[in-house]
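Student: Let me see the structure of the following:
(2 chains)
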Amino acid sequence: RKEVEQDPGPFNVPEGATVAFNCTYSNSASQSFFWYRQDCRKEPKLLMSVYSSGNEDGRFTAQLNRASQYISLLIRDSKLSDSATYLCVVSLSGGSYIPTFGRGTSLIVHP
Amino acid sequence: DGGITQSPKYLFRKEGQNVTLSCEQNLNHDAMYWYRQDPGQGLRLIYYSQIVNDFQKGDIAEGYSVSREKKESFPLTVTSAQKNPTAFYLCASSIQGAAEQFFGPGTRLTVL
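Tutor: Got it, this is the predicted structure:
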């Protein structure tokens, strides 16, 4: 089983739709979780950290389910500009550990 | 402005030549990383460094070398031993290992 798994998609949704991605991780000791956004031929950029209690930033909501070992990203009222690849990142806690990136989920928002 | 820079943006080299990619950060981050990304693929870790004068191999270190003589700099050399070097190379830094990473704009290397 891969350490961090994502459905590569693409998820093809109309503008205004709500879409959700999941990301599963294999190491139950993982403590740090992030979602990154990567536009075509660009570098990944941090979208949001994922906290145990869940967190929201505008149209984006991230949640953590430790029992089932997955994190999720919910995008409400999708915009054309949300089209990108969304990378899930998981890490153990502590300075000596390095994060593990998922392969990403592609989102295409169409008019 | 604080940030992480990579140069050049595009690089073309002949097969058999070594090439060095630059990565500089002024974020005062201890940890720095090099990733490779192939079309339609995820990020693969080449090397990382968590402190000056120390670095560790990642998942695909063969054919690559790095140095970390200064906190702000982490150059990557793609050697002639790397069998398929054409790819998008991304450098990143973070305060420490498990923290969020900040990426440079990347270097697209094409070996002809």
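
Student: Find the centremost residue of chain B, please.
Tutor: Centroid check for chain B by CA atoms, centre = their mean gives B:W34 as the closest residue, at 3.1 Å.

Student: doesn't that one fall inside a strand?
Tutor: Yes: the assignment for B:W34 by DSSP: H, G, I helix; E, B strand; the rest coil puts it in a strand.

Student: Who does it form a beta bridge with?
Tutor: B:Y47, B:C91 (DSSP bridges).

Student: List the residues that contact it.
Tutor: B:23, B:45-48, B:58, B:64, B:66, B:74, B:76, B:89-91 (CB atoms under 8 Å, 6 or more residues apart in numbering or on different chains). In this view, the C-beta of every residue, glycine as well, is placed from N, C-alpha and C.

Student: And the pLDDT at it?
Tutor: Per-residue pLDDT puts B:W34 at 97.

Student: Next: the one 4 residues further on.
Tutor: Per-residue confidence (pLDDT) for B:D38: 93.

Student: neighbours around it, how many?
Tutor: B:D38 has 12 neighbours, counted by other CB atoms under 10 Å in any protein chain shown.

Student: again, but for the one 3 residues further on
Tutor: For B:Q41, the count of nearby residues is 13 (other CB under 10 Å).

Student: Checking it next. Helix, strand or coil?
Tutor: Quick answer, by three-state DSSP: B:Q41 is coil.

Student: Now it. Nearest residue, chain neighbours left out?
Tutor: A:R103 (6.8 Å; CB to CB, 6 or more residues apart in numbering or on different chains).

Student: From B:I95, how far off is the one you found?
Tutor: The gap separating A:R103 from B:I95 is 25 Å, by CB to CB, to the nearest Å.

Student: out of those two, which sits in the more crowded spot?
Tutor: A:R103 (19 against 15).

Student: tell me the contacts of that one?
Tutor: A:R103 neighbours (CB under 8 Å, 6+ apart): A:6, A:8, A:87, B:41-42.

Student: next one: phi and psi at it?
Tutor: Main-chain torsions, A:R103, degrees, to the nearest 10: phi -80, psi -10.

Student: now B:E24
Tutor: Residue torsions, per degrees, to the nearest 10, at B:E24 are phi -130, psi 140.

Student: Tell me the confidence at it?
Tutor: pLDDT, B:E24: 98.

Student: What of A:E15?
Tutor: 98.

Student: Enumerate every residue touching residue 3.
Tutor: In the absence of a named chain, chain A is used. A:25-27, A:90, A:100.

Student: Please refer instead to chain B.
Tutor: Taking CB under 8 Å, 6+ apart, we find B:G3 in contact with B:25-27, B:102, B:104.

Student: pLDDT below threshold where in chain A?
Tutor: Counting by pLDDT under 70, chain A shows low-confidence ranges at A:1, A:94-96.
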